[in-house]
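Trainee: A structural model of the following input is requested.
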Amino acid sequence: MNKPLALIAVALLCAACAPAANTTPAPAEPTAATPSAPVSLSASSGPQAPGGTVPATIGISWDQASKDAAEDVAEKAMTDFARPGLEEKQWANDLARWLTPQATADYSAVDPANIPATRVTGPATLGVDEANGYGVMAAVPTDAGTYTVQLLRTGKESPWKVNRLTPPAS
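Mentor: This next block holds a predicted model:
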């Protein structure tokens, strides 16, 4: 009987010696963020690049070899695309060599029988943005109208890859 009372007394003594918990709430910190740099403006309201100027090109400048390679890939990809009579697996495998990884996934579900174009009817023409050497749009004429082909590359020495083939406007 003394033992339980002694344990309770020791527990009460320890609790009395322990520092009291601070239950006072901490002062509220200001929640408004302060910018570490000036706010960047949109293209129509001013430059977004540091120092207030936009670089002449975004990493890669255009040359004739880049243009020729982009035209060649656009035409070859469209040639492989415009084959609605081909078996689906063969069509997808042939087309995949020209595509970005995302486009490969996107076009893997396409049924070539639904493609209205059956052949390319002329050379590709590029709509070059001289400030962007990483991407270009190509117009490729077919027997179903002119397709727009979006081409991308990851570097000057990297091959052009098709990211999107857009059919003619209806």
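
Trainee: can I get stretch 147-155 in CSV, CA atoms only?
Mentor: This file holds the C-alpha atoms of stretch 147-155, laid out as CSV (Å, rounded to 0.1, in the frame of the first residue of the first chain):
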residue,chain,number,x,y,z
TYR,A,147,-0.8,19.8,-93.8
THR,A,148,1.0,21.8,-91.2
VAL,A,149,3.9,19.9,-89.7
GLN,A,150,5.5,21.0,-86.4
LEU,A,151,9.2,20.1,-86.2
LEU,A,152,11.4,20.3,-83.1
ARG,A,153,15.0,19.6,-82.2
THR,A,154,17.0,19.7,-79.0
GLY,A,155,20.2,21.2,-80.4
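
Trainee: name the residues that touch it?
Mentor: Applying C-beta atoms under 8 Å, 6 or more residues apart in numbering, the contact partners of stretch 147-155 are 60, 70, 73-74, 77-78, 81, 100, 117, 124, 134-140, 159-168. In short, each C-beta sits where N, CA and C put it, glycine included.

Trainee: could you list the low-pLDDT ranges of this structure?
Mentor: Within the chain, the segments meeting pLDDT under 70 span 1-59, 170.

Trainee: please pick the buried ones from the contacts of stretch 147-155.
Mentor: With neighbours counted by 16 or more other C-beta atoms under 10 Å, those contain buried members at 60, 70, 73-74, 77-78, 81, 100, 117, 124, 134-140, 160-165.

Trainee: from the residues you listed, which land in strands?
Mentor: Residues of these located in strands (DSSP state E): Gly135, Val136, Met137, Ala138, Ala139, Val140, Lys161, Val162, Asn163, Arg164, Leu165.

Trainee: so the closest residue to the first one other than its chain neighbours bridges to which residues?
Mentor: Right, Gly135. Leaving aside its sequence neighbours, Gly135 sits nearest to Leu152 (C-beta to C-beta, 6 or more residues apart in numbering; 4.9 Å). For Leu152, the beta-bridge partners are Gly135, Lys161 (DSSP bridges).

Trainee: can you give me the neighbour number for Leu152?
Mentor: Other residues near Leu152 come to 17 when the count uses other C-beta atoms under 10 Å.

Trainee: again with Glu87
Mentor: With other C-beta under 10 Å as criterion, Glu87 counts 11.

Trainee: next one: it from Lys76, what distance?
Mentor: 20 Å (C-beta to C-beta, to the nearest Å).

Trainee: cool, Arg164 as well?
Mentor: For Arg164 relative to Lys76 (C-beta to C-beta), the value is 16 Å.

Trainee: next: Pro123.
Mentor: Relative to Lys76, Pro123 is positioned 12 Å away (C-beta to C-beta).

Trainee: about what we covered before: and which of the ones in strands among the buried ones among the contacts of stretch 147-155 is nearest Tyr107?
Mentor: Leu165 (7.8 Å; C-beta to C-beta).
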